[in-house]
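In: here is the input, now give the coordinates:
(2 chains)
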Amino acid sequence: MMDTFAALAHGMAVAMQPMNLLYALIGVFLGTAVGVLPGIGPALTVALLLPVTYKLDPGGSLIMFAGIYYGGMYGGSTTAILINTPGESASMATALEGNKMAKAGRGGPALATSAIGSFVAGTIATIGLAFLAPWLVDFAVRFGPEDYFALMCVAFVTVSATFGDSPVRGLTSLFIGLTLGLVGIDKLTGQARLAFGIPELLDGVEVTTLAVGLFAVGEALFVASRRHQAEEKLEPVRGSLWMTREDWRRSWKPWLRGTLFGFPIGALPAGGAEIPTFLSYSTERRLTKHPEEFGKGAIEGVAGPEAANNASAAGTLVPLLTLGLPTSATAAMMLAGFQQYGLNPGPLLFAERPDLVWGLIASLFIANGMLLVLNLPLVGLWVRLLAIPQPWLYAGILVFATMGTIAAKPSVVELSMLAAFGVMGFLMRRFDFPIAPVVIGLILGPIAESQLRRALAISLGDPMVLLQSPMSATLLGIALIALAAPFVLRGLGRFKANED
Amino acid sequence: MTPDAASGKLPARGVDRAGVVIAAALAVLAAVLVWEASQLPSTTMYGMGPEAMPIVIAIGLVILAVGNLIDALRGNLPPRESMDPKPVWLIIAGLALLIGIIGLGGGFILATSALFVTTSAAFGRRAVLADTVIALLITTLIYLAFDKLLTLSLPAGPLERLL
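Out: Below is the predicted model of the structure:
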């Protein structure tokens, strides 16, 4: 307990250095500016801005990253409220009530409750992160390679199969990602796999190329393909920006409840913020004293899900920092950010670079505070960004997206891969395959493989090692149940339907 | 994606041909993995060599190909919205232009300007000339900012050498 305070105080000292404060400020500013653009969720925000941080030192870059991450979340909710195009499914609940509030001329209070709720939830959840992380690190130090492998199996299954619409399509996405993860030189033997004699492929598929292709190019193609039918409408922010006493009274409990949903579910490797946001939405709907307002713009329906969304974003940092386990597309991009400096999050990083880890955690608090200040008075500035005409907006997004790749690797092969991933992202959206499992498969697949091979090398090739460790056996059991659950439940559902 | 964009959905009945194509593509991918893995010499004494994981993933892909095929044959896929293919091809053409210009040494400004103009046209703009001027201005500014301020090297062509 005291150790945590000491470590956090030390982290604060790192984060409060003037240069680092400046990095955090640039991060939250860029994060909000990009996150507010329609169709751009936090994962793409981080992917697009990753090349900007190439030249910084790891400490400053990670602090800027934390700002981008939280800024992208704030920006996304502004878009969801004002034009009803949630950049990610976790903002869908916010869009549901928030856009109705904006239409009714209460856009100001909707933005305010979402910003203050995000601040409250983000702060509480970051405190949770600071206290949970050291405890989990103590636990994770004892993990062997087989335990890590089993843990990654759990993450694979929950992210792709358990909570999606269709386990078959989710797993298909995951396996495409795993296949892409095979490309390149095998780290243990130095042999090239799936490179087909193309030298550019020997380094493997870049996570940023995949993410930018799937999210930015894919989204642009998808929006263009259905532009003829849906018209987006920007709701002007009318009336007072400030929340009334009544708004406060109705908001503070949903904020706290949303945090309680968001943080634990985000911290478990259970994939994404959709579940806590929808849990929070349905809970607020049930508990409200104004049920007639739900569906027409109830402030509780914005306050709760927004808090849940931000709390779960901080929650996903728990497995990411302590175990190196990304459980959302955004967390996968954060992991790519660490890897660009050859850093591997996990118990070792806490021991070897405490200044870096705790500086990052401390700067999350700072970023949150900056965002509250940045978002409330400056909301008019962000709204103006939303008014960019769609043709220029998407043309600009594509120029910016390709620019990252051109700056990092200006080769025809890399750009062709970007375009191919873009087409793949378009087809996946069209045929309703989830995108996040591809990114997680690419980044986590090679790690899982090397852990498995390390475990088998230690055991001299005996696969029973996976079941001899109680931890690994339990985790594999959980993965198996999580894999079977959606099929069994669907079978039960059909059985019941037949009975009726 | 928006809750109220339910209009314009195609009825999902009978065999879904696109779904069958997806299943076939997954099976082909699995075959490529197995073929590629068979080309790798097995050198590992204990545990798994580099050829083991591709085989495991290939098996998974085959199972998923069957799963997707069953969904497609039953017509179980989620309904798809109607789409306009023209803008999609326009953006893809823009990406192809970008790749071609970079490959031929035409430089960053020309390449990204081509992408900007085609994308803008795909989203319904008809003022191609005005957009070209805007695109050249914006990309020149980006080039200057990145090349001179951030010292990130972007590929240079005839236009960049004039700066």
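
In: low-confidence stretches in the stretch 251-400 of chain A?
Out: Within the stretch 251-400 of chain A, the ranges that satisfy pLDDT under 70 run A:270-272.

In: show me where it has its helices.
Out: Assigned by DSSP state H, counting those that start in this stretch, the helices in the stretch 251-400 of chain A fall at A:274-287, A:300-323, A:329-339, A:347-352, A:354-375, A:379-386, A:390-408.

In: give me the pLDDT for the residue of the stretch 401-500 of chain A found nearest chain B.
Out: Closest approach of the stretch 401-500 of chain A to chain B (CB to the nearest CB) occurs at A:L456, with a separation of 3.3 Å. For the C-beta atoms, the positions are set from N, CA and C on the backbone; glycine is no exception. Looking at A:L456, its pLDDT is 87.

In: repeat for the one 3 residues further on
Out: You'll see A:S459 listed with a pLDDT of 83.

In: where does the stretch 51-200 of chain A come near chain B, residue by residue?
Out: By the rule CB under 8 Å from any CB of the partner chain, the part of the stretch 51-200 of chain A lying against chain B is A:51-52, A:54-55, A:84-86, A:92, A:95-96, A:165-166, A:168-169, A:171-172, A:175-176, A:178-179, A:182, A:186, A:188-189, A:191, A:193-194.

In: about what we covered before: packing partners of the one helix or strand the residue of the stretch 401-500 of chain A closest to chain B maps to?
Out: Using DSSP states H and E, A:L456 sits within helix A:436-458. Counting contacts by 3 or more CB pairs under 8 Å, 6 or more residues apart in numbering or on different chains; DSSP states H and E, helix A:436-458 is packed against helix A:145-157, helix A:167-182, helix A:207-211, helix A:329-339, helix A:465-468.

In: what's the distance between the third one and the middle of its chain?
Out: With CA atoms, centre = their mean, to the nearest Å as the basis, the distance from the averaged C-alpha position of helix A:207-211 to the chain average is 14 Å.

In: how about the fourth one?
Out: Relative to the mean C-alpha coordinate of its chain, helix A:329-339 is positioned 9 Å out (CA atoms, centre = their mean).

In: now that helix and helix A:300-323, what's the angle there?
Out: If you take axes from the mean of the first three to the mean of the last three CA atoms, to 10 degrees, helix A:329-339 sits at 30 degrees to helix A:300-323.

In: again, but for the first one
Out: For helix A:145-157 and helix A:300-323, the angle between their directions (the same axes, to 10 degrees) works out to 160 degrees.

In: contacts for helix A:145-157?
Out: For helix A:145-157, contacts defined as CB atoms under 8 Å, 6 or more residues apart in numbering or on different chains pick out A:143, A:174, A:269, A:271, A:319, A:323, A:325-327, A:437, A:440-441, A:444, A:447-448, A:451-452, A:454-455, A:458, A:465-466, A:469, A:471-476, A:478-479, A:482-483.

In: among those residues, the buried ones, what's the ChimeraX command?
Out: Buried members of the contacts of helix A:145-157, defined by 16 or more other CB atoms under 10 Å in any protein chain shown, are picked up in ChimeraX with:
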select /A:143,174,269,271,319,323,325,326,327,437,440,441,444,447,448,451,452,454,455,465,466,469,471,472,475,476,478,479,482,483
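
In: burial of the closest residue to chain B within the stretch 201-350 of chain A, as a residue count?
Out: Of all residues in the stretch 201-350 of chain A, the one sitting closest to chain B is A:A224 (3.8 Å; CB to the nearest CB). By other CB atoms under 10 Å in any protein chain shown, the residues close to A:A224 number 26.

In: what's the neighbour count on the spatially closest residue to A:K187 that is not a sequence neighbour?
Out: Nearest non-adjacent residue to A:K187, counting by CB to CB, 6 or more residues apart in numbering or on different chains: A:S450, 6.2 Å away. Using other CB under 10 Å, A:S450 has 17 other residues around it.

In: distance of A:S450 relative to B:F116?
Out: Using CB to CB, to the nearest Å, A:S450 is found at 41 Å from B:F116.

In: again, but for A:M152
Out: A:M152 is 41 Å from B:F116, by CB to CB.

In: who's more crowded, the two?
Out: Remark: of A:M152 and B:F116, B:F116 carries more neighbours, 27 against 24, as counted by other CB under 10 Å.

In: which residues are in contact with the closest residue to that one other than its chain neighbours?
Out: Nearest non-adjacent residue to B:F116, counting by CB to CB, 6+ apart: B:A135, 3.8 Å away. By CB under 8 Å, 6+ apart, the contact set of B:A135 is A:395, A:399, B:112-113, B:116-117, B:120.

In: can you confirm B:A135 is in a helix?
Out: Yes - counting by DSSP: H, G, I helix; E, B strand; the rest coil, B:A135 falls inside a helix.

In: show the pLDDT at it.
Out: We have a pLDDT of 92 for B:A135.

In: look up how far A:A224 lies from it.
Out: With distances taken as CB to CB, B:A135 is found 17 Å from A:A224.

In: next, the angle from the helix or strand hosting B:M53 to helix A:436-458.
Out: In this structure, B:M53 sits in helix B:52-73 according to DSSP H and E. Computed by the same axes, to 10 degrees, the angle separating helix B:52-73 from helix A:436-458 equals 150 degrees.

In: now do helix B:52-73: everything it contacts.
Out: By CB under 8 Å, 6+ apart, helix B:52-73 touches A:166, A:168-169, A:171-172, A:175, A:178-179, A:182, A:193-194, A:449, B:15-20, B:22-24, B:26-27, B:29-31, B:33-34, B:36-37, B:76-77.

In: and chain B, what are its domains?
Out: Following the assignment in the TED database, chain B carries domains at B:17-74, B:85-162.

In: now render those domains as TSV, adding distance to A:H10.
Out: Listed next are those as TSV, based on distance: least, CB to CB, whole Å:
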stretch	distance to A:H10
domain B:17-74	41
domain B:85-162	31
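
In: nearest to A:T208, of the ones you listed?
Out: Closest to A:T208 of the domains of chain B is domain B:85-162 (CB to CB; 14.2 Å).

In: that older thread, ok, which of the domains of chain B comes nearest A:V379?
Out: That would be domain B:85-162 among the domains of chain B, by CB to CB, at 25.8 Å.

In: distance between that closest one and the chain's centre?
Out: Relative to its chain's centre, domain B:85-162 lies at 18 Å (CA atoms, centre = their mean).

In: kindly report the same for stretch A:153-171.
Out: For stretch A:153-171, the separation from the chain centroid amounts to 16 Å (computed by CA atoms, centre = their mean).

In: close to chain A, is the helix or strand bottoming out on mean pLDDT in chain B?
Out: In chain B, no helix or strand scores lower on mean pLDDT, DSSP states H and E than helix B:158-162, which sits at a mean of 80. No - counting by CB under 8 Å from any CB, chain A has no neighbours in helix B:158-162; the shortest distance is 12.2 Å.

In: same check, this time on stretch B:78-95
Out: Yes - part of stretch B:78-95 sits near chain A under the criterion CB under 8 Å from any CB, namely B:78, B:80-85, B:87-88, B:90-92, B:94-95.

In: on the three-state scheme, A:A482 is what?
Out: State at A:A482, reduced to three classes by three-state DSSP: helix.

In: what residues are up against it?
Out: Residues counted as contacts of A:A482 (CB under 8 Å, 6+ apart) are A:154, A:157-158, A:161-162.

In: just the pLDDT for B:T2.
Out: The per-residue pLDDT reported for B:T2 equals 39.
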